[in-house]
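# predicted structure and sequence below. I'll ask about it afterward.
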Amino acid sequence: GEDVEQSLFLSVREGDSSVINCTYTDSSSTYLYWYKQEPGAGLQLLTYIFSNMDMKQDQRLTVLLNKKDKHLSLRIADTQTGDSAIYFCAEVSGGGADGLTFGKGTHLIIQP
Amino acid sequence: NAGVTQTPKFQVLKTGQSMTLQCAQDMNHEYMSWYRQDPGMGLRLIHYSVGAGITDQGEVPNGYNVSRSTTEDFPLRLLSAAPSQTSVYFCASSTDSGYGYTFGSGTRLTVV
């Protein structure tokens, strides 16, 4: 079956860039997403990338997709304390009818 | 624009009790799905629906029933609650291209 893998923790200093990595196995993925979850809250869609794109930039966020290696990354520039959260990578395959497959989430820890 | 609305936000059940988690969306989305989130497990798909009258099982369907009588509503039923069903439940909806899954704020369920 489909699988999405992420490292569980990432610690960065405030002001540095954070890079959260994700690998997936489904070669038919059409959309890949990054969701942010703050403690006790729901999931907030941060950004997405369509499978025929290599890169997408949105203000402080840069998504890179290496389809050959099935590797997705999220770079957050100038990381702030408000970026402290769990970041989930998720993928949709085919027409997206059968829902999202999530990674287990990466806890981003910001050091002052 | 309410988006995806889940009720209740919190619920405590005794083992063996039944209940229905409600999910409603006002975006005229065809696709709806239910996930459960457990610590260290990410989000796992329980059931999904591609339109009114059509439902199917996800990764962890046992102990849960769903129905989709209207486009707007997708309730999740626990017929006989078990402690293993203690979790946070999220409902999501999407257009029929799989783009832009929107999540509700979640229901935190405890079964004692």
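Thanks, I have it.

# just the endpoints, please. Distance across stretch B:72-89?
Stretch B:72-89 has its terminal residues 18 Å apart, counting by C-alpha to C-alpha, to the nearest Å.

# my bad, should have said stretch A:101-112
Start-to-end, stretch A:101-112 (C-alpha to C-alpha) is 33 Å.

# ok, it near chain B or not?
Yes. Counting by C-beta under 8 Å from any C-beta of the partner chain, contacts between stretch A:101-112 and chain B involve A:101-105. Heads up, the C-betas are built off the backbone N, CA and C, glycines and all.

# now render those as CSV, adding secondary structure and pLDDT.
Converted to CSV, those look like this (DSSP: H, G, I helix; E, B strand; the rest coil; pLDDT from 0 to 100):
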residue, secondary structure, pLDDT
A:Thr101, strand, 90
A:Phe102, strand, 93
A:Gly103, coil, 94
A:Lys104, coil, 93
A:Gly105, coil, 95
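
# where does pLDDT dip in chain B?
Counting by pLDDT under 70, chain B shows low-confidence ranges at B:1, B:97-98.

# in its sheet, which strands sit next to whichever strand or helix holds A:Lys36, and in what direction?
For A:Lys36, the host element (DSSP states H and E) is strand A:29-37. Here strand A:29-37 is paired, per DSSP bridges, with strand A:44-50 (antiparallel), strand A:85-93 (antiparallel).

# pick the most deeply packed of those.
strand A:85-93 (a mean of 24; mean count of other C-beta atoms under 10 Å in any protein chain shown).

# low pLDDT regions in chain A?
A:1-2, A:94-96.

# check the gap between A:Trp34 and B:Cys23 for me.
23 Å (C-beta to C-beta, to the nearest Å).

# which helix or strand lies directly C-terminal to the host helix or strand of B:Met32?
According to DSSP H and E, B:Met32 maps onto strand B:31-38. For strand B:31-38, the following helix or strand on the C-terminal side (DSSP H and E) is strand B:42-51.

# show me the contact partners of that next one.
A:4, A:43, A:88, A:90, A:97-105, B:30-38, B:55-61, B:64, B:66, B:68, B:71, B:74, B:76, B:89-90, B:96 (C-beta atoms under 8 Å, 6 or more residues apart in numbering or on different chains).

# among those residues, name the buried ones.
A:4, A:43, A:88, A:90, A:97-105, B:30-37, B:55, B:58-61, B:64, B:66, B:68, B:71, B:74, B:76, B:89-90 (16 or more other C-beta atoms under 10 Å in any protein chain shown).
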